[in-house]
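Undergrad: Sequence and predicted model, in that order:
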Amino acid sequence: MLEKNVDMAVIGHNYLSYLFGFDLLSKKQKILILDDERIKYGGLFGRQLSELERVFLKTWGEDNKLEPLINIDRFLSQQDVHFYINKTKLVLGASPFENLYELSRKFPNFFLAIDGEFGVDLDTEKKESFDVEFLSFCHRMGRNACRFSNLQNLSIDTFLNHCPVELKKIFTLFKENIRRMILDTSNHWDYKSLIYGAKSFYQSRMSIASSDLEIFHLFHCLISPFYLLNEDKIIEEILPLFESRGGQLKRTHVREWKFYKRSPWSLELASFEGIIHPARVALLGGLPEKLPLKVRPDNKCYKNVVSSVKFYEQSHLSKGVHILVRDNRIGTDQSLIVLDNISDQSMARAQQFVLKRKGQKIDFFKSSLRDWLSDDLHYVLGEKIQYEAVEEFHFGDEVFISEPLNFFERSNIHLPKKTKIYDSANPLYKSKLDNVFYFGPYKDAQLGLLTAMVDIKEAQQFL
């Protein structure tokens, strides 16, 4: 029997919803998760993990005695990330040393010393010690970020205080060269394209300008092993634990929202249970535009248009994620392409990221999507590649926050903008809602999933 009066209704069904719920259940609160299909995270947010995020989730599991998270490696598969930057291919995702070696070989100017000489020692005899130091750093930082960090103290100093000396030296070169390249508005476009594509993929931000903290997180993601989380499998094991501790899950959507004195009063469910009364509501997903709620600030962002691509002959696309970035598309309405879900090198899912506009419909620009897909596939994968789109274009659930194309340094004190929720069913009622919260990439989280997880953990103190 569904409990009608709950302390928190969580809208959005994903593994982060359960982690959010477990912390509240430990405070004896009544939690209901609603699997409303209109709000969800895209497949690139939350399911793609670096080493730091892997340790964060493992620590979260240890603190809440959640066996699936304690043994999260059972649900992870290590994969490669392929960046196609104009016509340069960069393959990452293996061991930290191998990733650093590949990055240094393809983009050596990231690691130039003041005298113009290459400043990183890539002696293969140091591979084992470098890998151990990097993974040990991620272990310390991931545990501390989970247990002690909030959005305000998650700073560059926090990272550098735990960083091994050799890794700090390499990062310093990386940071200083990025700063130099960003200030040079005429050159280094291959490097800027990599920064743009990597920030999009790892931080859910389409931008070149970066704070020191964002650059460090980006550096860590580029040389970290890369993991793909099997979310369906981990939820399958987490759900019984959630229910055994008093949590509830209902697979339905919210038909109607009612607010009284700016706070949630009732939610009418599209199921026989009818009306529930939550004291608070949390939204965990990407872009909540399909709900009768407005999120402000209305951030400029990119949405993904999804289709399937079938290659006539086996392509050279290997298992993993392939990110196509061209310098002439940075900051434009049609920005970058991600290829994943690759099956036998013959099928792939294509995600094309387009600038979100009011009243946007795919039918308005379907032909330009086809042209763009063809142009970029042939440009970065070779003219001989033959394919066909075997699925209609449709909008996905991914959202990448966009910033104006500028070359000025971002402040190192950069907290996500305060998100305010409004009831759009009553356009004359302009006051923001209370006790309605949002956690996700639309909140302008500067470190992507890591910031979202810290935000969720920090919120428990006030709920």
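TA: Cool, got the structure.

Undergrad: can you map out the strands along the stretch 301-450 of the chain?
TA: Secondary structure of the stretch 301-450 of the chain (DSSP state E, counting those that start in this stretch): strands located at 301-311, 321-325, 334-343, 347-355, 387-389, 394-402, 420-423, 436-439.

Undergrad: tilt between the third one and strand 301-311?
TA: Same thing as strand 334-343. Here strand 334-343 points in a direction 40 degrees away from that of strand 301-311 (axes from the mean of the first three to the mean of the last three CA atoms, to 10 degrees).

Undergrad: which helices and strands sit right next to strand 334-343?
TA: Packed against strand 334-343 by the contact rule (3 or more CB pairs under 8 Å, 6 or more residues apart in numbering; DSSP states H and E) you find helix 189-203, strand 301-311, strand 321-325, strand 347-355, helix 366-381. Backbone N, C-alpha and C define where each C-beta goes, glycine included.

Undergrad: and what of the longest one?
TA: Under the contact definition 3+ CB pairs under 8 Å, 6+ apart, strand 301-311 sits against strand 334-343, strand 347-355, helix 366-381, strand 387-389, strand 394-402.

Undergrad: what about Ser374, neighbour count?
TA: 13 (other CB atoms under 10 Å).

Undergrad: any idea how far Lys40 is from it?
TA: Counting by CB to CB, to the nearest Å, the separation of Ser374 from Lys40 is 30 Å.

Undergrad: Share the number of residues neighbouring Val295, please.
TA: 21.

Undergrad: ok, now which ones touch it?
TA: 288, 419-422, 438, 442 (CB atoms under 8 Å, 6 or more residues apart in numbering).

Undergrad: Show me where the stretch 101-250 of the chain has its helices.
TA: For the stretch 101-250 of the chain, the helices defined by DSSP state H, counting those that start in this stretch cover 127-148, 156-162, 165-183, 189-203, 212-223, 231-244.

Undergrad: sorry, back to before: can I get the helices and strands packed on strand 301-311 in a markdown table including distance to Asp80 and mean pLDDT?
TA: Below are the helices and strands packed on strand 301-311 laid out as a markdown table (distance: least, CB to CB, whole Å; pLDDT from 0 to 100):
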| stretch | distance to Asp80 | mean pLDDT |
| --- | --- | --- |
| strand 334-343 | 11 | 91 |
| strand 347-355 | 14 | 94 |
| helix 366-381 | 16 | 93 |
| strand 387-389 | 21 | 83 |
| strand 394-402 | 20 | 93 |
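
Undergrad: closest one to Glu133 among the ones you listed?
TA: strand 334-343 (30.8 Å; CB to CB).

Undergrad: What are the buried residues along the closest one?
TA: 334-340, 342 (16 or more other CB atoms under 10 Å).

Undergrad: just stretch 55-66 next, same as before
TA: Buried, per 16+ other CB under 10 Å, within stretch 55-66: 55-61, 63-64, 66.

Undergrad: Which ones among those residues map onto helices?
TA: 55-61, 63-64 (DSSP state H).

Undergrad: OK, contacts around Ala425?
TA: By CB under 8 Å, 6+ apart, the contact list for Ala425 reads 257, 292.

Undergrad: oh sorry, the question was meant for Lys233
TA: Applying CB under 8 Å, 6+ apart to Lys233 gives the contacts Phe75.

Undergrad: Could you check how far it is from Asp7?
TA: As for Lys233, its distance to Asp7 is 29 Å (criterion: CB to CB).

Undergrad: His139 too?
TA: His139 is 34 Å from Asp7, where distance means CB to CB.

Undergrad: same question, Leu287
TA: The gap separating Leu287 from Asp7 is 26 Å, by CB to CB.

Undergrad: Would you check how far apart the residue lying closest to Lys192 once chain neighbours are set aside and Gln334 are?
TA: Spatially, and ignoring its direct neighbours in sequence, Lys192 is nearest to Ile208 (5.4 Å; CB to CB, 6 or more residues apart in numbering). Ile208 sits 17 Å away from Gln334, going by CB to CB.

Undergrad: same check, this time on Lys250
TA: Per CB to CB, Lys250 is found 39 Å from Gln334.

Undergrad: Alright, I will stop here.
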